[in-house]
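Chemist: Have a look; sequence and predicted model below, questions after that.
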Amino acid sequence: MNRSWLKLAALPMVLALVASACSDDNKSSKSTEAGGDDSLAGSKVLITGPERDDPSVGAINTALKVFGDAHGIEITYVGDADWEANISTQVEGGNPPDIGIFPQPGKLADFARDGALVALDDAAKAAVATNWSTDYSNYANVDGVQYGVPVKTDLKSIVWYKPAAFADAGYEVPATYDEFVALVDEMAAAGGPKPLCVGIESGGATGWPFTDWTEEMVLRQDGGDVYDQWVNHEIPFDDPRIVTAMDTVLNLWSDDNVFASGGNIAATNFGDNAQPLLDGQCFMHRQASFFSGFFPAGTAFADGSADAIDVFYFPDINGDKPVLTAGTYAAGFNDNPATMAVLAYMSTPQYAQDRQAEQTRLLDGGLSGFLSAAIGQDPSVYQPLEQGFLEILNNSELSRFDGSDLMPAAVGAGSFWTEGTSAVNGDKTAAEAAADIEKTWPT
């Protein structure tokens, strides 16, 4: 991606495109006080999605209100704990919202192919092209047609650690994957805290952290093309390269290397790795940017204090700086001008900044849990640790979305979890688990 901080130079152009595309040639229009096109005045736009916690809902609505007030649009976001199930029912009943926020691109693609979603208009497409790398926007492009806009990004390719613990033990942050492995070996040989905290228990979703680690290794060992072929089943799940990636993870997760607070990896909840890292029972934990929410209240992040927690980039192998991400995409169920205008706005760095600033305020200055890879944001609205996340995203040259979220549910949210857990428990080899996963791929 190799993006610089492009500030907000693109925003006036994008909003001008939005206003132009949404104007009605048969109506006279004039500018609102905010400089927008009042042809949208009086419109209402309902947005639903899975984010439902108080700071997220409040921040989303505040960010949308800025644009809505400027154009006379009443915009409302409603979070829904059962969004994935309810949106299907609403579509089938002919009563969907104007815009849905999808956590899984696969579901967006299914709706698009079924004719439930409407392709972006020219202004919204231009906004996406201006504000997002194709590595992100392509996941809302279905069969060559752009249906959605990226609105939130989760960064997965990071390792959490305590800088003071590294300094006290004489360790340095690894710059390459070989250095990372050498550091793990050195920590294990020292006989003190374990190199890694690991846990994959997550109720019915037990095993998903293993899928993330495997995806990281496929990206690092074999690159984006093989990753895409694997996710799209253009190569089988038990391709030797995928088996090698799984074996790499299993070898790192040896008894010598891992502290598991639940007694073993499969019995340790994925969220129960924050406290051991703080307590010095392990040195490192690889987990996504949202993991900041699992540390106890009052934890210091990236402030240079003795107990502060920070992150470093999970190092690459081939020099292509890959990052594994997840996130959400907004798409429209109708082609109303206001719907398209709001979608275009949601793709902008201004929307991301407004949401981040409000979410931080609602949390009394704490870490927001929100992140966006939109080009041109002002990083000052983010906390120092979050600025580190953005720096990693902007320095990457290769980005891929969480593979299990892109695979058919029977695999990505099924056999990949369960068979991966069997491999972690030692009940199956990586080759056996991969072969059994391959058998579950829908025909």
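Modeler: That came in fine, so what should we check first?
Chemist: does V151 sit in a helix, a strand or a coil?
Modeler: strand (DSSP: H, G, I helix; E, B strand; the rest coil).
Chemist: need the strands for the stretch 301-443 of the chain, in chain order.
Modeler: Counting by DSSP state E, counting those that start in this stretch, the segments of the stretch 301-443 of the chain that form strands are 310-313, 322-332, 398-401.
Chemist: Quick one, which of these gets closest to E358.
Modeler: Among the strands of the stretch 301-443 of the chain, the nearest to E358 by C-beta to C-beta is strand 322-332 (17.1 Å). No exception for glycine: its C-beta is placed from N, CA and C like everyone else's.
Chemist: Put together JSON lines for the strands of the stretch 301-443 of the chain, with mean pLDDT and mean neighbour count on each row.
Modeler: Below are the strands of the stretch 301-443 of the chain laid out as JSON lines (pLDDT from 0 to 100; neighbours: other C-beta atoms under 10 Å):
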{"stretch": "strand 310-313", "mean pLDDT": "97", "mean neighbour count": "21"}
{"stretch": "strand 322-332", "mean pLDDT": "96", "mean neighbour count": "24"}
{"stretch": "strand 398-401", "mean pLDDT": "94", "mean neighbour count": "23"}
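Chemist: who wins for proximity to T429 among those?
Modeler: strand 322-332 (24.3 Å).
Chemist: elements contacting the closest one?
Modeler: Packing partners of strand 322-332 (3 or more C-beta pairs under 8 Å, 6 or more residues apart in numbering; DSSP states H and E): strand 44-49, strand 99-102, helix 105-113, strand 148-155, helix 208-231, helix 337-346, helix 384-395, strand 398-401.
Chemist: Turn the ones you listed into TSV, columns for distance to D364.
Modeler: Below are the helices and strands packed on strand 322-332 laid out as TSV (distance: least, C-beta to C-beta, whole Å):
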stretch	distance to D364
strand 44-49	24
strand 99-102	26
helix 105-113	34
strand 148-155	22
helix 208-231	30
helix 337-346	26
helix 384-395	15
strand 398-401	32
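Chemist: These: which one's closest to R286?
Modeler: Among the helices and strands packed on strand 322-332, helix 208-231 sits nearest to R286 (C-beta to C-beta), with 6.9 Å.
Chemist: who does whichever helix or strand comes after that closest one touch, helix- and strand-wise?
Modeler: Counting by DSSP states H and E, the next helix or strand C-terminal to helix 208-231 is helix 240-252. Applying 3+ C-beta pairs under 8 Å, 6+ apart, we find helix 240-252 packed against helix 208-231, helix 416-424, helix 430-439.
Chemist: Include mean pLDDT when you put those helices into JSON lines, please.
Modeler: Formatted as JSON lines, those follow (pLDDT from 0 to 100):
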{"stretch": "helix 208-231", "mean pLDDT": "98"}
{"stretch": "helix 416-424", "mean pLDDT": "98"}
{"stretch": "helix 430-439", "mean pLDDT": "98"}
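Chemist: Can you say which of the ones you listed is nearest to V342?
Modeler: The nearest among these, by C-beta to C-beta, is helix 208-231 at 30.3 Å.
Chemist: quick one on the thing from earlier: can you add distance to D178 and give the strands of the stretch 301-443 of the chain back as JSON lines?
Modeler: Output for these, formatted as JSON lines (distance: least, C-beta to C-beta, whole Å):
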{"stretch": "strand 310-313", "distance to D178": "15"}
{"stretch": "strand 322-332", "distance to D178": "16"}
{"stretch": "strand 398-401", "distance to D178": "19"}
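Chemist: out of the ones you listed, which comes closest to Y171?
Modeler: With C-beta to C-beta as the yardstick, what comes closest out of the strands of the stretch 301-443 of the chain is strand 310-313 (11.4 Å).
Chemist: how far does the closest one sit from the chain's center?
Modeler: Strand 310-313 sits 16 Å away from the centroid of its parent chain (C-alpha atoms, centre = their mean, to the nearest Å).
Chemist: List the pairing partners of that strand within its sheet, with orientation.
Modeler: If you go by DSSP bridges, strand 310-313 pairs up with strand 158-161 (antiparallel).
Chemist: who are the neighbours of the next helix or strand after the strand it pairs with, in terms of helices and strands?
Modeler: Using DSSP H and E, the helix or strand that follows strand 158-161 in sequence is helix 163-169. Under the contact criterion of 3+ C-beta pairs under 8 Å, 6+ apart, helix 163-169 touches strand 282-286.
Chemist: Low-confidence ranges, the stretch 151-300 of the chain, go.
Modeler: Within the stretch 151-300 of the chain, the set of residues satisfying pLDDT under 70 is empty.
Chemist: residues near P105, how many?
Modeler: 25 (other C-beta atoms under 10 Å).
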